[in-house]
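**Q** Sequence first, predicted model second:
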Amino acid sequence: MQKVLNNFYRLFNKKTVLLMLLVLGVCSVYAQVMPRINIGFEPANTPKDVANSLQILFIITVISLAPSILIMMTCFTRISIVLSFTRKALGTQPVPSNQIMVSISLLLTFFIMSPIFKEINDKALQPYLRAELTHEEFYKEGISPLRTFMLKQTREKDLALMLNTSRMPKPENANDITLPILVSAYALSEIRLAFEMGFLIYLPFLMIDMIVASILMSMGMMMLPPAMISAPLKILLFIIVDGWYLIIQTLVKSINW
């Protein structure tokens, strides 16, 4: 037995050495082909170098703020809240999962906002890439479609609240409204509308819960959880009325173009 173990250890050591040599050989071959990555900082000698550095910083800033821009300046907030209310009203908390709900919200957001994104691409991004616009012009042309979209969805009451809270002078027109005030008012309006839609979705399922609970109490079956009976009934009702179709249709039509 000892001889067998010794032979096994010797064989294992030989295979390990051969494998290491093979890996080193492959790495040495590909090391001559793979590019070298070098990141460094050098002083800017010309105005062009400064402009390139500022452009890189601008791109990094936009990328870091992309999730906030997607959530606060599009219809993602409304869609995600309404879908969350729908799942809670059905009583199927883990189904659909959070990943599915977020994916549906993102796809619907890109579908609804596609005309806005196309306008930004045509009027701002492509001319900027062709060096036809400066940084300031690119910002103004790119933010203009989003400002128009948000103004159409924002209530005057919410906008007045943010203006009064900021203690800024009353703007003469919509173009004078600063972006932080507009985004804050838009988010408040979106949340309010999403909760109104969620309440209307909740009502029929709440009625089913109350009816089932009353029937069980009248039958003396107080130990039976009403949710055990009402959950299949709510799912059946949701399927019969084609609930997902109606909710998605309502969400798309609720956008004020």
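**A** Great, that's in hand. What you are looking at is a predicted structure, and each value in this text was computed from that prediction instead of being measured.

**Q** low-confidence ranges in this structure?
**A** 1-56, 58-59, 62, 257 (pLDDT under 70).

**Q** Run through the strands of it in chain order.
**A** With strands called from DSSP state E, the chain shows none.

**Q** mind listing what residue 255 touches?
**A** By CB atoms under 8 Å, 6 or more residues apart in numbering, residue 255 lies in contact with 75, 112, 153. Every C-beta, even on glycine, is put in place using the N, C-alpha and C of the backbone.

**Q** Make a markdown table from those residues and add neighbour count and distance to residue 191 to it.
**A** Below are the contacts of residue 255 laid out as a markdown table (neighbours: other CB atoms under 10 Å; distance: CB to CB, whole Å):
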| residue | neighbour count | distance to residue 191 |
| --- | --- | --- |
| 75 | 24 | 12 |
| 112 | 20 | 17 |
| 153 | 17 | 12 |
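
**Q** For residue 101, state which of these is nearest.
**A** residue 75 (14.9 Å; CB to CB).

**Q** mind listing the helices in the stretch 1-150 of the chain by residue range?
**A** In the stretch 1-150 of the chain, the helices defined using DSSP state H, counting those that start in this stretch lie at 2-31, 47-72, 76-90, 98-120, 126-129, 135-153.

**Q** can you pull the buried residues of the lengthiest helix in the chain?
**A** The longest helix of the chain (DSSP state H) is helix 179-218. Of all the residues in helix 179-218, those buried under the rule 16 or more other CB atoms under 10 Å are 181-190, 193-194, 197-198, 201, 205, 208-209, 212-213, 216.

**Q** ok, now stretch 94-108?
**A** 96, 101, 104-105, 108.

**Q** now swap in stretch 84-91 and tell me
**A** Using 16+ other CB under 10 Å as the test for burial, stretch 84-91 gives 85-87, 89-91.

**Q** Out of those, which is nearest to residue 252?
**A** Relative to residue 252, the closest of those is residue 86; by CB to CB it sits at 15.0 Å.

**Q** from memory the closest one sits against residue 204, does it?
**A** No. Between residue 86 and residue 204 there is no contact, the gap being 11.5 Å when judged by CB atoms under 8 Å.

**Q** Overlap in contacts, those two.
**A** Counting by CB under 8 Å, 6+ apart, nothing touches both residue 86 and residue 204.
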